[in-house]
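>>> just to be clear, the model below is a prediction. Sequence and coordinates:
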Amino acid sequence: MPRDPRNELTIDSLQAFLLRLGFEPLAKVNSSLAFLHSESGTIISLSVPSDGRTVRSADLLSVLTRLDSAGLVNEADIEQFRLGKLPIAS
């Protein structure tokens, strides 16, 4: 299946989205990044992709699960992720 060139889910855009939600960089170890949302205590870990751009499906699923369980996203936000778009963080 060809990749959708409109897919906005790059590692850079995902990191920027987390920062807009109130996450702060916590640590970088080898090819992994960790972010902390102080208010909720939520920690999210991302693997830096080998191509430096593409978000791994496992990381996206992990981020969605953590954000949803912490109440940091709603159903509309989750649907935007499924469409390959990043929701606008308020």
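Nice, thanks for sending it over.

>>> going by C-alpha atoms from here, please, whenever you check contacts or count neighbours.
OK.

>>> ok, which stretches of the protein are helices?
Under the criterion DSSP state H, helices of the chain are mapped to 11-20, 57-69, 75-82.

>>> contacts for the worst-scoring helix or strand of the chain on mean pLDDT next, please.
Scoring the helices and strands of the chain by mean pLDDT, DSSP states H and E places helix 75-82 at the bottom, with a mean of 80. Outside helix 75-82, the residues that touch it by CA atoms under 8 Å, 6 or more residues apart in numbering are 9, 64, 86-87.

>>> please apply the same query to stretch 20-34.
18, 35-38, 43-49, 72, 89-90.

>>> tell me the one of these nearest D59?
Distance to D59, by CA to CA, is smallest for L46 among the contacts of stretch 20-34, at 6.0 Å.

>>> please report how far the residue nearest the centre of the chain lies from R82.
Nearest to the mean C-alpha position of the chain, by CA atoms, centre = their mean, lies L14 at 4.3 Å. Distance of L14 to R82, given as CA to CA, to the nearest Å: 14 Å.

>>> and what of E39?
As for E39, its distance to R82 is 26 Å (criterion: CA to CA).

>>> one more: A70?
A70 is 19 Å from R82, by CA to CA.

>>> same deal with P49?
19 Å.

>>> just to revisit the earlier point, tell me the buried residues in the least confident helix or strand of the chain?
Going by neighbour count (16 or more other CA atoms under 10 Å), the buried part of helix 75-82 is 77-78, 81.

>>> okay, now S32: neighbour count?
Using other CA atoms under 10 Å, the number of residues around S32 comes to 12.

>>> same question, D51
7.

>>> sorry, back to before: can I get the helices of the chain in JSON lines with distance to S31?
Putting the helices of the chain into JSON lines (distance: least, CA to CA, whole Å) gives the following:
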{"stretch": "helix 11-20", "distance to S31": "12"}
{"stretch": "helix 57-69", "distance to S31": "13"}
{"stretch": "helix 75-82", "distance to S31": "23"}
